[in-house]
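Make a model of this:
(one chain, ligands or ions: 1)
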Amino acid sequence: MKKSYFITGTDTDIGKTVVTMVLAMLLQERGIKVGVMKPVQCGGTDALFLQKSLQLPQPLSVINPCFAPEPLSPHLAFRRAGKKINLKKIQAALWSLQKSHDVILLEGAGGLLVPLRQDYLVADLARDLQSELVIVSALRLGTINHTLLTIKMAQAYGLKVKGVIFNTISSGPAGIPEKTNPEVIQRLGRVPILGIVPFLEQKGRVSIVKKCQKKIQLEEFLKPKKPDEHWMTWDKQYLWHPFTPMKDWLLSEPLVIESGQGNLLEDTEGRRYIDGVSSLWANLHGHRHPRINQAISTQLNRIAHSTLLGLTHPPAVELAKRLCEIAPKGLTKVFYSDNGSTAVEAAIKMAYQYWQNTGGRKKTTIAHLSNSYHGDTLGSVSVGGIDLFHRVYRNLMFKTIAVEFPDFYRCPLGKKYPDYTHECLDKLESLFKRRHDTMAALVIEPLVQGAAGMIVWPDGILRRIVGGCKKYDILFIADEVATGFGRTGKMFACNHEGVVPDFLCLAKGLTGGYLPLAATLTTQRIFEGFLFDYEDQKTFFHGHTYTGNPLACAAALANLEIFQKEKTLKKIQPKIKYLAKKLRTFYNLASVGDIRQKGWMVGIELVKDLKTKEPFAWEERIGVKVCMEARKHGVILRPLGNVIVLMPPLAINEEGIDKLLDVAYKAIERVTSNQEGKND
Ligand SMILES: *Cc1c(COP(=O)(O)O)cnc(C)c1O
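This next block holds a predicted model:
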């Protein structure tokens with residue numbers, strides 16, 4: 001892609017347009033084809049001035065696609081003119097210039113934090129136009145602060161700062177600030193000074209070129225964009241990826257994600273993709289949400305990490321309080337760790353030790369469902385039942401009770417729904433009855449069993465299971481690592497059926513998908529089971545180095561604040577209905593056997609034969625193929641075997657849902673119609 005530079009100022013009226021003109025002129029003199037744009041203009045004649053002085057052949061509507069007549073901040077000027085700043089039009093104009101030019105200069109409007117729309121700033125535009133930033137600063141007293149602020153803000157926004165160009169705005173002799181500022185800014189801002197435009201009295205091209213020629217480091221603007229291939233090479237040389245058949249990986253062409261914004265991920269070549277699985281079920285409000293970014297960076301300027309072993313800190317305390325306020329009533333204590341597996345393990349260890357501490361010494365077994373997934377550390381693997389992931393470690397695992405449980409799509413031979421469901425529930429209850437005196441706890445993923453293939457439970461099952469636990473005093477561990485924080489349409493899956501677990505395990509969405517953090521919430525009763533004298537040695541001896549990391553807690557607090565401020569749960573309700581309606585069309589596809597949805601969690605199961613529900617053989621890698629096909633069309637997905645998972649950030653809008661579903665639909669259609677033994 002051709003290089004483009006976004007020229008912004010530390011302030012308005014410091015000569016951005018003049019600097020843009022000088023830069024373009026010098027490049028033209030070198031025989032470089034320069035395209036120039038002023039994407040947004042409010043009042044004035046900047047674009048016209050550039051067009052004339054540079055003799056640009058493009059019509060004014062290309063040079064300046066968005067214009068409002070009053071010289072005001074754009075968000076106001078355009079509103080008062082009854083117009084909108086049309087990003088698509090700007091992008092189209094830029095692309096057309098890029099086709100026939102070597103370098104593009106884009107002149108901004110005002111400074112980086114000037115609003116173009118209510119919540120869209122000049123900095124957002126610079127980022128969306130994928131341009132490096134050139135900061136124009138006036139050579140005068142007071143410039144250090146303004147320039148450094150602009151540099152810092154740009155970097156905080158993830159913009160690449162090419163460097164600073166100074167504009168001399170008075171004709172007098174240079175004073176001390178004019179002479180020393182550039183050096184100070186280079187040192188403190190750590191960006192190059194790309195030149196100093198002298199005071200220009202005469203406007204003639206020849207005299208401008210002559211005066212400025214040696215003052216600008218033109219070479220810097222002509223360096224070609226560096227290819228980023230080394231990421232792929234080094235990745236294959238040094239990285240071992242999770243859950244990844246590495247032999248296949250080494251033969252593949254890895255996709256390198258460099259940045260993200262909202263629901264989109266962007267690779268090193270500037271291609272964008274919908275984040276169709278929320279970066280592994282974690283992201284909620286979109287990438288680079290200003291509130292979460294700000295919270296992390298504010299905390300970073302206080303302290304990045306301090307331990308909770310023997311000390312405490314405000315973000316951990318405040319988050320614990322907030323979590324207890326929003327969790328099902330009765331959960332009053334928060335124990336932190338740093339991922340979903342450890343959140344579950346902490347719960348299991350606590351449940352076990354609770355009985356040891358309080359005299360229920362025979363209660364030592366943990367029960368779980370046969371097709372469960374609770375994480376990858378050995379403790380959570382022990383309560384897992386996904387054969388492919390867990391089988392090989394069997395000898396390393398502790399003994400548990402695996403409870404047979406339906407997947408609600410395929411019934412075992414000779415059984416029927418809902419009878420089979422009741423049969424399973426009855427069996428569970430009789431198990432409780434027979435063995436409750438040895439059972440410490442039951443751990444389940446309430447309502448949606450994620451990794452098992454997005455298995456969604458019919459209403460009432462959760463309540464019945466929890467009822468059984470309470471009746472026989474078996475501690476109930478709700479693993480809401482995946483279902484928590486709005487994924488099912490309510491804050492927690494337990495809310496749907498009004499159940500209160502003894503342990504609530506949270507991770508994935510806890511920080512909005514920004515940083516690793518997990519929490520195990522529990523009740524006063526369990527907590528008191530550990531309140532003994534020091535000498536009794538009944539403490540919960542468990543804790544990780546980064547338990548309750550302050551940066552992660554700050555992100556989690558911002559996450560909860562967004563739920564409140566942006567009314568996230570309310571906003572997603574119509575979108576969930578919309579999603580459900582659109583998903584029904586997938587049944588038109590001959591290979592779609594089952595569509596499972598709970599709120600924002602969707603699994604589309606592909607089968608070889610609709611009538612017999614015969615699955616595609618795993619060797620066919622149908623799920624992987626569909627996801628690779630979707631990737632070609634700008635959507636990132638990750639399957640669970642033959643189940644296509646859709647789980648975009650909660651923040652995605654209807655337009656995003658449309659694109660996600662259209663791409664997924666076509667990908668399934670293309671891949672399965674190429675497959676042998678297809679259904680018609
Ligand atoms: C992802 C997941 C886990 C494990 O979380 P990690 O952070 O990957 O360790 C545990 N339980 C459920 C239900 C999950 O979906």
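
Report the contact partners of the residue of the stretch 1-150 of the chain found nearest the ligand.
Residue nearest to the ligand within the stretch 1-150 of the chain: Arg127 (29.7 Å; C-beta to the nearest ligand atom). Every residue, glycine included, has its C-beta placed from N, CA and C. By C-beta atoms under 8 Å, 6 or more residues apart in numbering, the residues touching Arg127 are Tyr157, Gly158, Leu159, Gln261.

May I have the beta-bridge partners of the last one?
With DSSP bridges as the criterion, the beta-bridge partners of Gln261 are Leu264.

was I right about it contacting His285?
No: using C-beta atoms under 8 Å, Gln261 is not in contact with His285, being 11.9 Å away.

Compare the two (neighbour count), which wins?
His285 (25 against 16; other C-beta atoms under 10 Å).

so how far is Pro177 from that one?
Using C-beta to C-beta, to the nearest Å, His285 is found at 43 Å from Pro177.

okay, and for the stretch 1-150 of the chain, where does confidence drop off?
Filtered on pLDDT under 70, the stretch 1-150 of the chain yields the residue ranges 1.

mind listing the strands in it by residue range?
3-9, 34-37, 40-42, 66-68, 103-107, 115-117, 120-121, 132-138 (DSSP state E, counting those that start in this stretch).

The last one - contacts with which helices or strands?
The helices and strands touching strand 132-138, judged by 3 or more C-beta pairs under 8 Å, 6 or more residues apart in numbering; DSSP states H and E, are strand 3-9, helix 16-29, helix 143-156, strand 161-167.

of all the strands of the stretch 1-150 of the chain, which lies closest to Ser370?
strand 120-121 (50.0 Å; C-beta to C-beta).

who does the closest one pair up with?
Assessed with DSSP bridges, strand 120-121 is paired to strand 115-117 (antiparallel).

Could I get the buried residue list for the partner strand?
Leu116 (16 or more other C-beta atoms under 10 Å).

before we move on, what about stretch 426-444?
For stretch 426-444, a neighbour-count test (16+ other C-beta under 10 Å) marks Leu428, Glu429, Leu431, Phe432, His436, Met439, Ala440, Ala441, Leu442, Val443, Ile444 as buried.

start to end distance for that stretch?
One end of stretch 426-444 sits 17 Å from the other (C-alpha to C-alpha, to the nearest Å).

repeat for stretch 536-550
End to end - C-alpha to C-alpha - stretch 536-550 spans 32 Å.

How many residues are close by the spatially closest residue to Arg463 that is not a sequence neighbour?
Nearest residue to Arg463, sequence neighbours excluded (C-beta to C-beta, 6 or more residues apart in numbering): Glu497, at 4.3 Å. Close neighbours of Glu497, defined as other C-beta under 10 Å, add up to 17.

Kindly report the same for the one 4 residues further on.
By other C-beta under 10 Å, the residues close to Pro501 number 30.

pLDDT at it, what is it?
Per-residue confidence (pLDDT) for Pro501: 98.

Same check on Gly262?
So, for Gly262, pLDDT stands at 94.

next one: Gly548
Reading off the model, Gly548 has pLDDT 97.

Just the element for it, please.
For Gly548, there is no enclosing helix or strand under DSSP states H and E.

Not counting sequence-adjacent ones, nearest residue to it?
Tyr336 (3.7 Å).

residues in contact with that neighbour?
With C-beta under 8 Å, 6+ apart, Tyr336 has these contacts: Leu308, Ala316, Leu517, Ala518, Ala519, Thr520, Thr547, Gly548, Cys553.

rerun at 10 Å
Counting by C-beta atoms under 10 Å, 6 or more residues apart in numbering, Tyr336 touches 308, 316, 319-320, 323, 342-343, 346, 506, 510, 517-520, 543-544, 546-549, 552-553, 556.

So which of the residues you listed belong to helices?
Using DSSP state H, the subset of the contacts of Tyr336 located in helices is Ala316, Leu319, Ala320, Leu323, Thr342, Ala343, Ala346, Ala552, Cys553, Ala556.

I'd say the second one and Leu510 touch.
Yes: the pair Leu319 and Leu510 qualifies as a contact (C-beta atoms under 10 Å) at a distance of 8.8 Å.

Need the residues touching each of the two.
Listed as contacting both Leu319 and Leu510 by C-beta under 10 Å, 6+ apart are Tyr336, Leu517, Ala519, Ala552, Cys553, Ala555, Ala556, Asn559, Leu560.

Would you mind listing what in this protein touches the ligand?
339-341, 344, 373-375, 445, 450-451, 479, 481-482, 507-508 (C-beta under 6 Å from any ligand atom).

Check these against Pro115 and report the nearest one.
Lys508 (33.3 Å).

Contacts only, for the residue in the chain that the ligand sits nearest to.
Closest residue of the chain to the ligand, C-beta to the nearest ligand atom: Gly340 (2.1 Å). Under the criterion of C-beta under 10 Å, 6+ apart, the neighbours of Gly340 are 281-282, 373-377, 380, 479-482, 484, 505-508, 510, 516, 518.

do that again at 7 Å, thanks
Contacts were defined as C-beta atoms under 7 Å, 6 or more residues apart in numbering; by that measure Gly340 touches Gly375, Val481, Cys505, Ala507, Lys508, Ala518.

Nearest to Thr268 among those?
So of the contacts of Gly340, ranked by how close each gets to Thr268 (C-beta to C-beta), first place is Lys508, at 26.2 Å.

any idea how far the residue lying closest to Ala24 once chain neighbours are set aside is from Gln98?
Closest residue in space to Ala24, ignoring its immediate chain neighbours: Val34 at 4.7 Å, by C-beta to C-beta, 6+ apart. Val34 is 12 Å from Gln98, where distance means C-beta to C-beta.

Kindly report the same for Glu669.
When Glu669 is compared with Gln98 (using C-beta to C-beta), they lie 34 Å apart.

same thing with Glu445?
Counting by C-beta to C-beta, the gap from Glu445 to Gln98 is 49 Å.

So which of these two has more stuff around it?
Glu445 (26 against 16).

I'd guessed Ala282 sits against Ala507; true?
No: checked against C-beta atoms under 7 Å, the pair Ala282 and Ala507 is beyond contact range at 8.4 Å.

Tell me which of the two has more neighbours.
Neighbour count, other C-beta under 10 Å: between Ala282 and Ala507, Ala507 has more, with 28 against 24.

Phi, psi for that one please.
Dihedral angles of Ala507 (phi, psi; degrees, to the nearest 10) stand at phi -160, psi -100.

I'd assumed Leu515 was in contact with it.
No: Ala507 is beyond contact range of Leu515, at 10.9 Å (criterion: C-beta under 7 Å).
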